[in-house]
Each structure stands twice: as C-alpha cells, then as structure tokens.
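Trainee: Got a predicted structure plus its sequence, pasted below:
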Amino acid sequence: MAAEHADAGGRDWRDYLLAFSVALGLAAGGFLLANLLSIPLVIVFSVIDTSLRSAVGTAASTLVQGIAFVLVVLGYMRYGDHPRLLDIRWPSLSRLRRTLRDAGWVVAGFVVLLIASQAVGLVLQQFGLAPGTNRVVDAVRADPTLALYLVVLSFLATGPGEEVLFRGGVQGVLRRVLSPVGAVIGSSALFGLAHVTAIVAASGAGGVWGYVVSTFVLGIVLGALYEYTDNLLVPILVHGAYNAVLFVQLYLVETSSLGFLPTL
C-alpha cells in the first residue's frame, strides 16, 4: 500500500490510540450508517406488505449495506482530509502489462482464497470449531432465487463495500502506524468480529468462533493481496468472485448434503 503510510519510528502512544480509534470508528460507523439507511427500506417494505426477510428485501438490504460502507470511508476521506487513503488502479490499455499483472493476481488470489477456506475449515473441524452458518445462507436456502440476486450483488455491493471499509479504510488507517503485517492482522481481526451478529442470528453462539477464525484467515489473504498489489480493486474482485461462487453453489445444490464455503 502506497497511498498513506509511514514508518513507525518517532510515533508515540497518541498516534497509535488515534489510529486504532479511527479504525474502530470506521468499522462501527459502517454498520451504524447501514442500519440508518435501512429505516426507509423498512417503511417502504411495510407499505407494500413485503418482509425484509424476503428475497427482494434481503437483496435490497445487502445493497444498502454495501453503499453505507463505501459512504463512511468516502466521508472520512473527505472530512478527515485524507483524500489518498484508498489505492485503486483501474484497468488501462495504456498500461497493459500492469493491468494483466493485476488480473493475474485476481485469479491467483481467488484460488488461494478457495484453498484457504477449505484448509481452515478442515483444521477447525479437528478442534470442534466448525464455522456456523451466515444468516444470508439460511435466507438463500429458504428462497433459492435470492442467490441469483446475491451473485450480482457480490460484485456490486458486498465485495466493494466490505473491501473499501475493511481493507481500504481500516487497514489503510492502521498502516499509518503499524507494519504491513500488523495492519493486515488488525483489519482481519475486525473483519472476522464484524460477522458475529450474522452468525448468531442464524446458528446461535455455537458456531461463532469457528466462523470468526475462518473469516479472519480469509481476511488475511485479502489484506495481503491489497498490501502487495497496491490496488484495492484486486481484493474487491477476489472477494466478489468468492461469494458469487458460493451463491451459485447454493443455488444449484442447496438441497444436497455438500458442505459450503463460509460466505464473507
């Protein structure tokens, strides 16, 4: 990451406290704004006598959450005077070699994420910490058509929203005072903990820590991709592709006994 980071030398405890406070504030602010923006959805869906738990309602909530996450980070960049917080490099024919390199990292990162997901799942099972089920997965099983919406929203809302918030925002802020490894670990820890409510709502407390550990490890992969490529678009696409594959799998075999990857 090249946009905003500096060596830790010369910093005191106040710099670290500020960075950690801002990182926590961004994560909490993202979910708070998502809840606030969901209020009009609740009103609209009540008027049309449709539940927010329906396929359309869940899809709309997912879209709103992705928008909220991006808005919080953009607001911090604008009003916190940090316009260069995010490193995003768009594909360009004039820089074809770099574009092809980024595309290669997207493919490689996607494969690594799939392998990491399966590996951490097997390890957790050995310790009796099998990840719980995300409530979105339960919603898809109740109405498989939701998966078709979520395949698209994986690239338009979930991937961009969560990566801008946790990799671009949280990791970017922590990177000012921590080493690359420290910033990736810190943002991944918050990324894992951020999924707790979604797991408790679907699986109860039993599968929470397995899921947190699983998403923490997958966050490490996504954070490392961002750190190495200096391009937030890479983890966005990897994250989106990973979730899209999950929802396609759910749509096709939701009544089978196959195991599913944990959604991010």
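Mentor: Alright, I've got the coordinates.
Trainee: Low-confidence ranges, this protein, go.
Mentor: Low-confidence segments of the chain (pLDDT under 70): 1-10, 199-206, 255-263.
Trainee: what's the neighbour count on the residue nearest to Tyr251 when sequence neighbours are not counted?
Mentor: Nearest non-adjacent residue to Tyr251, counting by C-beta to C-beta, 6 or more residues apart in numbering: Ala147, 3.8 Å away. C-betas here are computed from N, CA, C, even on glycine. Using other C-beta atoms under 10 Å, Ala147 is surrounded by 23 other residues.
Trainee: ok, Ala147 - contacts?
Mentor: Counting by C-beta atoms under 8 Å, 6 or more residues apart in numbering, Ala147 touches 140, 247-248, 250-251, 254.
Trainee: count of residues packed around Leu63?
Mentor: Residues within reach of Leu63, counting by other C-beta under 10 Å, total 19.
Trainee: now swap in Ala244 and tell me
Mentor: Each residue near Ala244 was counted by other C-beta under 10 Å, and the total is 19.
Trainee: nearest residue to Ala27 other than its sequence neighbours?
Mentor: In space, and not counting its chain neighbours, Ala27 is closest to Leu190: 5.1 Å by C-beta to C-beta, 6+ apart.
Trainee: Report whether the expected contact of that neighbour with Arg167 is present.
Mentor: No - here Leu190 lies out of contact with Arg167, judged by C-beta atoms under 8 Å, at a distance of 10.8 Å.
Trainee: Show me which of these two is the more surrounded one.
Mentor: Set side by side, Leu190 and Arg167 show more neighbours around Arg167, with 30 against 20, by other C-beta under 10 Å.
Trainee: can you tell me how far the more buried one sits from Val72?
Mentor: The gap separating Arg167 from Val72 is 14 Å, by C-beta to C-beta, to the nearest Å.
Trainee: ditto for Ser179
Mentor: Ser179 is 25 Å from Val72, where distance means C-beta to C-beta.
Trainee: try Gly121
Mentor: Using C-beta to C-beta, we find Gly121 at a distance of 31 Å from Val72.
Trainee: Give me the more crowded residue out of those two.
Mentor: Val72 (24 against 20).
Trainee: residues in contact with Gly168?
Mentor: Contacts of Gly168 (C-beta under 8 Å, 6+ apart): 73, 85-88, 226, 232.
Trainee: which ones among those are found in helices?
Mentor: Under the assignment DSSP state H, these contribute 73, 226 to helices.
Trainee: Helix or strand for the spatially most central residue of the chain, just tell me which one.
Mentor: Residue closest to the average C-alpha location in the chain (C-alpha atoms, centre = their mean): Glu162, at 3.3 Å. Counting by DSSP states H and E, the element that carries Glu162 is helix 159-162.
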